[in-house]
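**Q** Fold the following.
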Amino acid sequence: MNLSMKYASLAGAGILALLMGSGSALAYSVPSTAQLAVHHPAMRQVLHYGSRNHWVATLQADLQDLGFPQVGPVDGIFGPKTEAGVKAFQAKQGFAVNGVTSPVVWQDMLAGFHLVPAPAGHSTPRLISPSKTNSTKAPAQNGIATTIGSPVSHVLPAQFPQGGTPTPEPSLSGTSAGIKGQFAPTVKTIDGRPVLKAYHMVATSYGPSLADNYPYGPTDAFGQPLQDGMVAVDPSVVPLHSVVYVTGYQDNYLPKGGFLGEAMDTGGAIKGDRVDIFINAPEQVINDFGVQQVTLYVLGN
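**A** Below you'll find the model as predicted:
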């Protein structure tokens, strides 16, 4: 991987686009657990007590969102708390309670985010952690789950009541270059959404290539295919699923002025005031972005 060392995995529009797109594929057949596992790498992760990797962090975050706080912190370490969370989920959903993830257990968790159908004989878990997800998740379209009521328009300039685009605050040019961290924004709303927090961050970019995502492939931290508008963040700074507005960069590929996106990914090198912007473009475009300073706004509903 490049600077991001991303927490991602093998993707493909294929079955997921058919499954979660128009719905026409469902008229013919519902994919089996084994078929779904081919395109959802999380489902292939057998995690247990003692496991330590980014998939454990994904498991912990998912269980928290599904209402199992006993899983403990999202630290990527499968200890007694994570085992308790997995067992609680298994017991509630009618699985054998062994504290070990399996394809069908992962499928049931992903069903809670409306990414796949629930396994036969199991009810869909209820997503009950709006503080992390910011909203109830709706069925994905082309691999991206949007928010009910006011979906995120990925990689589109936001609309401002005053008209135009806000400038970074304070300006990141001249004597202000090098500023990082949270600040009190003067902009109160973006695209009709309240500004919750604002940060000056160091930004890099990554693309869909194997080099950028080795060895997992181009998916986000939740196993969904990467899409323009996704950014990788440190979840301790910007909660995953947050709607964000990124501005202040200089790039010929990204929308001029700024874009609305969603914090859907993480990375081993993306810690603190860092953001990694996914750009679905050739390697040269990624290289041209380089390392820049940007302003990132975290938005509410």
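**Q** make it CA atoms for all contacts and neighbour counts henceforth
**A** Will do.
**Q** Near Gly94, how many other residues are there?
**A** Neighbour count of Gly94, defined by other C-alpha atoms under 10 Å: 13.
**Q** How about the contacts made by the closest residue to it other than its chain neighbours?
**A** In space, and not counting its chain neighbours, Gly94 is closest to His122: 7.4 Å by C-alpha to C-alpha, 6 or more residues apart in numbering. Going by C-alpha atoms under 8 Å, 6 or more residues apart in numbering, His122 touches Gln93, Gly94, Asp108.
**Q** These in helices, which ones?
**A** Gln93, Asp108 (DSSP state H).
**Q** Distance to Thr266 and pLDDT for the contacts of His122 - can I get that in CSV?
**A** Below are the contacts of His122 laid out as CSV (distance: C-alpha to C-alpha, whole Å; pLDDT from 0 to 100):
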residue, distance to Thr266, pLDDT
Gln93, 28, 92
Gly94, 31, 92
Asp108, 23, 92
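**Q** ok, back up a step: and the gap between the residue nearest to Gly94 and Gln107?
**A** Distance from His122 to Gln107, counting by C-alpha to C-alpha, to the nearest Å: 10 Å.
**Q** bridging residues for Tyr297?
**A** Beta-bridge partners for Tyr297, by DSSP bridges, are Ala198, Tyr245.
**Q** per-residue confidence averaged over the host helix or strand of Val202?
**A** Assessed by DSSP states H and E, Val202 sits inside strand 193-206. Averaging pLDDT along strand 193-206 gives 92.
**Q** ok, the nearest residue in space to Met109 that is not next to it in sequence to Phe222 distance?
**A** Ranked by C-alpha to C-alpha, 6+ apart and with sequence neighbours excluded, the top spatial neighbour of Met109 is Pro125, at 6.8 Å. Pro125 is 16 Å from Phe222, where distance means C-alpha to C-alpha.
**Q** Which one of those two is surrounded by more residues?
**A** The neighbour comparison of Pro125 against Phe222 (other C-alpha under 10 Å) goes to Phe222, with 24 against 19.
**Q** For the closest residue to the more buried one other than its chain neighbours, give me the pLDDT.
**A** Nearest residue to Phe222, sequence neighbours excluded (C-alpha to C-alpha, 6+ apart): Thr58, at 6.6 Å. Per-residue pLDDT puts Thr58 at 77.
**Q** so who does Thr58 touch?
**A** Thr58 touches Val74, Gly76, Ala221, Phe222, counting by C-alpha under 8 Å, 6+ apart.
**Q** Mind putting those into a markdown table with distance to Ser51 and pLDDT?
**A** As requested, the contacts of Thr58 are arranged in a markdown table below (distance: C-alpha to C-alpha, whole Å; pLDDT from 0 to 100):
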| residue | distance to Ser51 | pLDDT |
| --- | --- | --- |
| Val74 | 13 | 78 |
| Gly76 | 8 | 79 |
| Ala221 | 17 | 81 |
| Phe222 | 18 | 77 |
